[in-house]
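S.K.: What shape does this take:
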Amino acid sequence: MARSLLDGIRVVDLTHVMAGPTCTQLLADLGAEVVKVERLPEGDDSRRSVPPTFRGPDGVEESAAFCIMNRGKRGLALDLKTEGGKRVLGRLLDRADVLVENYRAGTLERLGFGWPQVQERWPKLVYCSITGFGRTGPYANKGGFDLVAQAMSGIMSITGTSRGEPPVKCGPPLTDIGAGMLAAVGILAALVERARTGRGRLVETSLFEAGILFTAWQSAIALATGTAPGPLGSAHPLSAPYEAFPTADGRWIVVGGANQANWRRLCAILEAPELADDPRFATNAQRMGNLGELRAILSDLFRRRPAADWLARLDEAGVPAGPVNDITEMLADPQTRARKMVVEVEHESLGRIPTLGCPIKVEGAETGPRKGPPRLGEDTVAILEACGFAPAEIEALFAEGAVASPGRPGPR
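M.R.: Numbering: from 1, shown residues only. Predicted coordinates for the structure are as follows:
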């Protein structure tokens, strides 16, 4: 079996919901051992993001949202407000390479596990903090939610079809997922540096900054002109034609005919060669200046044939194009399956369940989920034993309510 890239790297995951779990799931997919520490009594908030649920043969149900963000991790249920819970976390960090957290500012400091405290006690540890707006600046203490970050980063001002309509957020939690990915990149860079220096680093990013990163084209316009661009539907802010068009059978397709070669090919495919040299559309700048007219003309032409016909012609000519799939169509797409972006994992209570695969492939290395998502506290006892707790100490932790497991929930 191929070796995983992060074999031997141990990650303590103090995150919840989406941004942090995205980061730690990527690390798990790359081979790290990730211990997901969930707070007692109820665990990660996404466990209550229902419906929908996956249902096991014995009637046990688990949140589909939790399952899809946390496969590949081991599960420990812990109450950090207890002395025993703090002692367990300390033992975990004795063995760890990375700690990832997305608590509100000051929470871990009050518990004794903020960056200054951790740096002093575990100087080799890479400490990653994901927040709403960053650890400095006037919004450092402001809570982080994808909706708010999309609004304040400008994303909602450029999403939708036109100015004057209600603001629209991007469908996916763009800033959550983006922050998680950026955090994973920062952690990997800090691990490379630690191999040279032997010292850990504080890595931090935020939903707000992730949102700003996604506005690159629009920020280029604003920085160069002083004018804020608005929403363009599916169109590109700098190139045309590059958007969605309706077809004869009611399906929509997207077409990227923006550069000159593809523009001329597109005109030939549409059987409208006169458009190629029309002074309104001859160059990209002219097409952008007359985008409304261009869209109307091309929409009428695309309505003459069904989507499959157009896509076959466009593919044959090498013009970038594709169907606008819904999510079920995307999940069933042969390319999705060929790239193993839908896989099955084993869950202790549910049996085999479907989940998304790992988008990172590395030649000669194994990437992707190796186990299903944990039940709340599924691996508590095994983790405590690995940390050197004796049977009597483990019993005392359960009695204190510092830990819990599926067969032994803590006091409520």
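S.K.: so where is this structure shaky, pLDDT-wise?
M.R.: Scanning the chain for pLDDT under 70 picks out the ranges 1-2, 409-412.
S.K.: Could you name whichever residue is most remote from the centre of this protein?
M.R.: The centre of the chain is farthest from one residue, residue 274, which by CA atoms, centre = their mean lies 44.5 Å away.
S.K.: Specify the local secondary structure of it.
M.R.: helix (DSSP: H, G, I helix; E, B strand; the rest coil).
S.K.: what's the residue lying closest to it once chain neighbours are set aside sitting at in phi/psi?
M.R.: The shortest distance from residue 274 to any residue other than its chain neighbours is 7.8 Å, reached at residue 267 (CB to CB, 6 or more residues apart in numbering). C-betas here are computed from N, CA, C, even on glycine. Backbone geometry at residue 267, expressed as degrees, to the nearest 10, gives phi -60, psi -40.
S.K.: what's the spacing between residue 267 and residue 285?
M.R.: Plainly put, residue 267 is 17 Å away from residue 285 if you go by CB to CB, to the nearest Å.
S.K.: Between the two, which has more neighbouring residues?
M.R.: residue 267 (20 against 10; other CB atoms under 10 Å).
S.K.: I figured that one hits residue 261, correct?
M.R.: No. Judged on CB atoms under 8 Å, residue 267 makes no contact with residue 261 at a distance of 11.2 Å.
S.K.: Would you map the helices across the stretch 51-200 of the chain?
M.R.: Secondary structure of the stretch 51-200 of the chain (DSSP state H, counting those that start in this stretch): helices located at 64-70, 83-95, 107-111, 115-121, 146-152, 174-197.
S.K.: In the shortest one, which residues are buried?
M.R.: Counting neighbours by 16 or more other CB atoms under 10 Å, one finds that the buried residues in helix 107-111 are residue 108.
S.K.: what do you get for the fourth one?
M.R.: By neighbour count on 16+ other CB under 10 Å, the buried set for helix 115-121 is 115, 118, 119.
S.K.: Now for the second one: which residues touch it?
M.R.: It stands for residue 118. 93, 99, 125, 127 (CB atoms under 8 Å, 6 or more residues apart in numbering).
S.K.: Please repeat the previous calculation with a cut-off of 7 Å.
M.R.: Shown here is residue 118, whose contacts under the criterion CB atoms under 7 Å, 6 or more residues apart in numbering are 99, 125, 127.
S.K.: residue contacts, the second one?
M.R.: Yep, that's residue 125 we're talking about. 93, 96, 97, 99, 118, 200.
S.K.: Can I get the buried ones among those residues as something I can paste into ChimeraX?
M.R.: Here is the ChimeraX selection string for the buried members of the contacts of residue 125, based on 16+ other CB under 10 Å:
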select :93,96,97,99,118,200
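S.K.: And the closest residue to residue 191 other than its chain neighbours, how close does it get to residue 153?
M.R.: Closest residue to residue 191 apart from its sequence neighbours, by CB to CB, 6+ apart: residue 126 at 6.0 Å. Applying CB to CB, the value for residue 126 to residue 153 is 26 Å.
S.K.: Test my guess that residue 156 contacts residue 165.
M.R.: No. The pair formed by residue 156 and residue 165 falls short of the contact definition of CB atoms under 7 Å, at 11.3 Å.
S.K.: between these two, who's got more neighbours?
M.R.: It is residue 156, of residue 156 and residue 165, that has more neighbours when counted by other CB under 10 Å, with 20 against 9.
S.K.: Tell me who's in contact with the more buried one.
M.R.: Residues counted as contacts of residue 156 (CB under 7 Å, 6+ apart) are 150, 167, 168, 169.
S.K.: Look up the closest residue to it, ignoring the ones flanking it.
M.R.: Leaving aside its sequence neighbours, residue 156 sits nearest to residue 167 (CB to CB, 6+ apart; 4.4 Å).
S.K.: Next one: that neighbour from residue 178, what distance?
M.R.: Relative to residue 178, and taking CB to CB, residue 167 is found at 19 Å.
S.K.: Tell me which stretches of the stretch 151-300 of the chain form strands.
M.R.: Residue ranges of the strands in the stretch 151-300 of the chain, as given by DSSP state E, counting those that start in this stretch, are 202-206, 242-246, 252-256.
S.K.: deepest of those strands, which one?
M.R.: The highest average neighbour count among these, using mean count of other CB atoms under 10 Å, belongs to strand 202-206 at a mean of 23.
S.K.: what sits up against that one?
M.R.: Counting by CB under 7 Å, 6+ apart, strand 202-206 makes contact with 115, 126-135, 144, 179, 182-183, 186-187, 190, all of which sit outside it.
S.K.: For PyMOL, write a command that selects the buried ones of these.
M.R.: Selecting in PyMOL just the buried members of these, where the criterion is 16+ other CB under 10 Å, is done with this command:
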select buried, resi 115+126+127+128+129+130+131+132+133+134+144+179+182+183+186+187+190
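S.K.: how about the residue nearest to the spatial centre of the chain, what does it touch?
M.R.: To find the centre residue of the chain, average its C-alpha atoms and take the closest one (CA atoms, centre = their mean): that gives residue 177, at 2.6 Å. The neighbourhood of residue 177, defined by CB under 7 Å, 6+ apart, consists of 18, 22.
S.K.: try it again with 10 Å
M.R.: If a contact means CB atoms under 10 Å, 6 or more residues apart in numbering, then residue 177 has 18, 19, 22, 23, 69, 146, 207, 210 as its contacts.
S.K.: List the residues that contact the second one.
M.R.: Yep, that's residue 19 we're talking about. So residue 19 contacts 100, 102, 130-132, 144-146, 149, 173, 175-183, 205-207, 210 (CB under 10 Å, 6+ apart).
S.K.: one more time with 8 Å, if that's ok
M.R.: Residue 19 makes contacts with 102, 130, 144, 175, 176, 177, 179, 180, 183, 207, as judged by CB under 8 Å, 6+ apart.
S.K.: was I right about the third one contacting residue 210?
M.R.: No. Under the criterion of CB under 8 Å, residue 144 lies out of contact with residue 210, with a separation of 10.2 Å.
S.K.: Quickly list what residue 98 is bridged to.
M.R.: The residues listed as beta-bridge partners of residue 98 by DSSP bridges are residue 11, residue 126.
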